[in-house]
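Participant: Any chance you can model this:
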Amino acid sequence: MAGAFDGRGVIVTGAGSGIGRAAALAFAAEGARVLVADLDAEGAASVVEAIEESGGTAVAVTGDLSDQAVVDRVTRTAVERFGGVDVLVNNAGIMDGMTALADVADAEWERVLRVNLTAPFLLTRAVLPHMLAAGKGAVVNTASEAGLRGSAAGAAYTASKHGLVGLTKNLAVMYRKQGIRANAIAPGGTATGIVVDADPAAHGPAALGPHFVNLGRVAQPEEQAAAILFLASDAASNINGVILPVDDGWAAV
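Facilitator: Below is the predicted model of the structure:
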């Protein structure tokens with residue numbers, strides 16, 4: 001895949017660390033011009049610096065992607081700097097506290113749904129006109145094993161990732177005749193900096209505990225990034241509406 005994304009404009013959200021960072025670096029290594037979007041200004045800047053030191057092109061935009069003003073700034077910057085958006089990777093997300101439904105506070109529900117589902121909706125909606133004008137584009141969302149089953153997270157996170165799976169499939173069907181492809185990865189356990197703040201004695205974590213026996217090997221962020229790049233690439237030109245588990249077989253158990 002050497003040079004598979006030469007000259008293409010790519011937006012990666014949550015790109016300051018973890019899977020997003022690995023994906024941003026991998027796209028840049030394949031010749032893409034990368035917009036690094038993240039809430040963490042320092043993390044985003046470090047990714048841009050790493051890309052530029054390797055001879056690539058990158059720009060950072062920081063802010064909360066559940067805010068329409070930030071979404072507009074990300075889209076405007078990508079179009080102005082890159083001339084358009086060829087690939088959008090909606091990767092930014094947050095965990096819940098493995099909270100069972102009866103214990104979910106309004107604030108937890110609203111924040112998790114806003115970041116994990118509404119933010120990808122807002123950014124995809126903003127980017128779509130530019131992809132449609134070009135007659136092509138690829139959207140790759142980071143879903144989760146929690147988008148495939150009910151035993152991988154709390155109520156809010158599970159609902160948000162099931163929603164993202166549905167959004168991905170609907171987008172694929174609605175715009176396939178206009179040259180737009182939409183797919184998602186469903187990561188299993190991955191070595192990132194995300195920490196789950198959960199009370200192990202609470203009903204949610206206690207009920208979910210036995211279901212993690214078959215979790216599988218913990219992946220490295222670069223393994224998830226490789227799947228993202230494949231789905232965004234021309235090698236996946238006839239793959240649309242797919243939710244690809246990247247989980248060492250957890251989804252097959």
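
Participant: So residue 134 sits against residue 82, correct?
Facilitator: No - the pair formed by residue 134 and residue 82 falls short of the contact definition of C-beta atoms under 8 Å, at 11.5 Å. C-beta here means a position set from N, CA and C on the backbone, and glycine is covered the same way.

Participant: Leaving out the residues flanking it, which one is nearest to residue 200?
Facilitator: The shortest distance from residue 200 to any non-neighbouring residue, by C-beta to C-beta, 6 or more residues apart in numbering, is to residue 206 (7.0 Å).

Participant: Could you check how many residues crowd around the one you found?
Facilitator: Counted by other C-beta atoms under 10 Å, the residues lying close to residue 206 total 14.

Participant: Could you pull up phi and psi at it?
Facilitator: As for residue 206, its main-chain torsions (degrees, to the nearest 10) stand at phi -70, psi -40.

Participant: Next one: it from residue 198, what distance?
Facilitator: Taking C-beta to C-beta, to the nearest Å as the criterion, residue 206 is separated from residue 198 by 10 Å.

Participant: just residue 216 next, same as before
Facilitator: The spacing between residue 216 and residue 198, counted by C-beta to C-beta, is 20 Å.

Participant: Same check on residue 174?
Facilitator: Residue 174 is 37 Å from residue 198, by C-beta to C-beta.

Participant: how about residue 176, what does it touch?
Facilitator: By C-beta atoms under 8 Å, 6 or more residues apart in numbering, residue 176 lies in contact with 240-241.

Participant: same question, residue 236
Facilitator: Applying C-beta under 8 Å, 6+ apart, one finds that residue 236 lies in contact with 138, 181, 183, 230.

Participant: For residue 37, see how far away the second one is.
Facilitator: Between residue 181 and residue 37 the computed distance is 21 Å (C-beta to C-beta).

Participant: Please identify which of the two sits among more neighbours.
Facilitator: Comparing residue 181 with residue 37 by neighbour count (other C-beta under 10 Å), the higher total belongs to residue 37, at 32 against 24.

Participant: On the three-state scheme, that one is what?
Facilitator: When classified by DSSP: H, G, I helix; E, B strand; the rest coil, residue 37 comes out as strand.

Participant: Next: residue 23.
Facilitator: State at residue 23, reduced to three classes by three-state DSSP: helix.
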